[in-house]
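A.B. asks: Sharing a sequence plus its predicted fold:
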Amino acid sequence: MGTLYAFIHEKSNTIDWNLRLKIASDVARGMAFLHSITPPIIHRDLTSRSVLVSILSLSLSLSLSLSLSLSLSLCA
C-alpha cells in the first residue's frame, strides 16, 4: 500500500485510461459519501498524497483526530 502520488510516479506502473477513470471515479464516490453523511465530513486537502492505493482497494485518507479510511474496491 502507498499513496496515489507514489503509484503515479513509479516508473514500473502502467496506468491506462481505464485505471485512471476507475481511480477518479472511486475518489469522487468517496468524496460524495463523506459529504452526504450527517454531519458531513469535508476533506480540505484532497491531493494524490492523501489517497492511499493498494492492489485491491483505494482509500481516501483523512487527517482527523481519529483516523478514518474509506475503502473502495478497484475490482468492482
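C.D. replies: The structure has been received and is ready for your questions.
A.B. asks: State the phi and psi torsions of Asp45.
C.D. replies: phi -140, psi 60 (degrees, to the nearest 10).
A.B. asks: Tell me how far it lies from Val27.
C.D. replies: Using CB to CB, to the nearest Å, Asp45 is found at 13 Å from Val27. From N, CA and C alone the C-beta is placed, and that goes for glycine too.
A.B. asks: List phi and psi for Asn18.
C.D. replies: Given degrees, to the nearest 10, the pair of backbone angles that Asn18 has is phi -60, psi -40.
A.B. asks: Just the pLDDT for His9.
C.D. replies: His9 carries a pLDDT value of 92.
A.B. asks: check contacts around it.
C.D. replies: Going by CB atoms under 8 Å, 6 or more residues apart in numbering, His9 touches no other residue.
A.B. asks: one step back: quick one: which of Asp45 and Val27 has more around it?
C.D. replies: Val27 (20 against 8; other CB atoms under 10 Å).
A.B. asks: any idea how far His9 is from Met31?
C.D. replies: 23 Å.
A.B. asks: So for Pro40, what's the pLDDT?
C.D. replies: 87.
A.B. asks: Offset the numbering so it begins at 656, please.
C.D. replies: Got it, first residue is 656 now, which makes that one Pro695.
A.B. asks: my guess is it is in a strand, correct?
C.D. replies: No. Read with DSSP: H, G, I helix; E, B strand; the rest coil, Pro695 is coil and lies in no strand.
A.B. asks: Number of residues surrounding it?
C.D. replies: Quick note: Pro695 (other CB under 10 Å) scores 9 neighbours.
A.B. asks: in this structure, which spans are strands?
C.D. replies: Ranges of strands within the chain are 657-658, 706-708, 712-717, 723-728, based on DSSP state E.
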